[in-house]
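>>> kindly generate the corresponding structure for this input.
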Amino acid sequence: MTVTLLSIILELPETTSIKDKRKIVTMTKEKLRQKFRISCAEVDLQDSLGFAELGGALVSNSRDFGEKVMRKAVSFVEDDLNLRIYDAQIHSEVY
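Next comes the predicted model:
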């Protein structure tokens, strides 16, 4: 069993309120869940207006598959959702 983790920090310079930020974060999490079937949550930077940190996880039988899905998810956030990525890290653990 392989667990692949994604940590992604989004830069949100256009947000002017926590409500705006929550709308973007909620939409991003739902799109990632629907399109890539990964578990996703906001894990840090909840009080920051300009940044949001999302964490994602995927359980599979292959490290290559998990990391490929996570790379596609990062590209999707950047290209299709037009959000700025400040930092993204992908890590796999084999159990």
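>>> when you work out contacts or count neighbours from here on, use the C-alpha atoms and nothing else.
Noted.
>>> Phe76 and Gly66, how far apart?
15 Å (CA to CA, to the nearest Å).
>>> those two: who's more crowded?
Neighbour count, other CA atoms under 10 Å: between Phe76 and Gly66, Gly66 has more, with 23 against 18.
>>> once you drop chain neighbours, what's closest to the more buried one?
Thr4 (5.5 Å; CA to CA, 6 or more residues apart in numbering).
>>> quick one: contacts for the one you found?
57-60, 63, 66-67, 70, 90-93 (CA atoms under 8 Å, 6 or more residues apart in numbering).
>>> repeat that for Val74.
Going by CA under 8 Å, 6+ apart, Val74 touches 8, 88.
>>> any idea of the pLDDT on it?
According to the prediction, Val74 has pLDDT 94.
>>> repeat for Ile18
On the pLDDT scale, Ile18 gets 88.
>>> please name the nearest non-neighbouring residue to it.
Leu49 is the one closest to Ile18 (CA to CA, 6+ apart), at 6.3 Å.
>>> with Asp87 instead?
Ile9 (5.1 Å).
>>> counting neighbours, what do you get for Gly56?
22.
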